[in-house]
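Peer 1: fold the following and give me the result.
(2 chains)
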Amino acid sequence: AQRVTQPEKLLSVFKGAPVELKCNYSYSGSPELFWYVQYSRQRLQLLLRHISRESIKGFTADLNKGETSFHLKKPFAQEEDSAMYYCALSGITAGKSTFGDGTTLTVKP
Amino acid sequence: DTGVSQNPRHKITKRGQNVTFRCDPISEHNRLYWYRQTLGQGPEFLTYFQNEAQLEKSRLLSDRFSAERPKGSFSTLEIQRTEQGDSAMYLCASSQETQYFGPGTRLLVL
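Peer 2: Okay, here's the model as predicted:
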């Protein structure tokens, strides 16, 4: 069974502080992992995917297969990073995606 | 092409009525997905099309739910005999590789 767990519903940091949003998964196979972001009053959009190994808006995420984790990190949070973040998983066939329940990040000035 | 569009954006209906939602994907995308999202939860997969073929359906998609994508372009999601528990945001996404989401249709069943 596919499962994605985001243990923090809410996360609050001050501007300029490092931030880490946690994501753990279970999947019997080689998954594709994603982070999606939803800013206030906007639609859900892809932030990054593990196979791209790129940094988007200063965010990075490393797939740790041993710990089955895909935590999202940013060294210096900005106020515009305040949003809802979802971790998601899909199989190689790019069909069904399983989402976590999201973490609301608030970056305080 | 301004992205994935969904209509209507909001729907209020009485229990027992049928409702139909439409999704227009990005034109060159051959994959189309439906999800349901309730408050405090992430999107839950409902079903997935590649062109006009419905390739996967969730167990969440009871007999009251049906989805079609007749010509491999737009898709419709119909809920028959709605129940209060069907109240949710219904999201559509399309992709070639990356999923692009629509704004959703918010359903309230009274």
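Peer 1: tell me where chain A has strands.
Peer 2: For chain A, the strands defined by DSSP state E occupy A:3-5, A:10-14, A:19-21, A:24-26, A:32-38, A:45-49, A:60-61, A:72-74, A:83-90, A:97-99, A:103-108.
Peer 1: mind putting those strands into CSV with mean neighbour count, distance to chain B and mean pLDDT?
Peer 2: Heads up, the C-betas are built off the backbone N, CA and C, glycines and all. Listed next are the strands of chain A as CSV, based on neighbours: other C-beta atoms under 10 Å in any protein chain shown; distance: least, C-beta to the nearest C-beta, whole Å; pLDDT from 0 to 100:
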stretch, mean neighbour count, distance to chain B, mean pLDDT
strand A:3-5, 16, 8, 95
strand A:10-14, 14, 11, 97
strand A:19-21, 20, 13, 97
strand A:24-26, 17, 13, 95
strand A:32-38, 22, 8, 95
strand A:45-49, 19, 5, 93
strand A:60-61, 21, 15, 94
strand A:72-74, 20, 14, 96
strand A:83-90, 23, 5, 96
strand A:97-99, 23, 3, 93
strand A:103-108, 17, 10, 98
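Peer 1: tell me, how many residues neighbour the residue lying closest to B:Ser95 once chain neighbours are set aside?
Peer 2: Leaving aside its sequence neighbours, B:Ser95 sits nearest to B:Arg31 (C-beta to C-beta, 6 or more residues apart in numbering or on different chains; 4.7 Å). B:Arg31 has 18 neighbouring residues, counting by other C-beta atoms under 10 Å in any protein chain shown.
Peer 1: B:Arg31 contacts B:Ser94, correct?
Peer 2: Yes - if you go by C-beta atoms under 8 Å, B:Arg31 and B:Ser94 touch, sitting 6.3 Å apart.
Peer 1: now name the helix or strand holding B:Gln54.
Peer 2: strand B:53-57 (DSSP states H and E).
Peer 1: so is that strand next to chain A?
Peer 2: Yes - Strand B:53-57 comes into contact with chain A (C-beta under 8 Å from any C-beta of the partner chain), by way of B:55-56.
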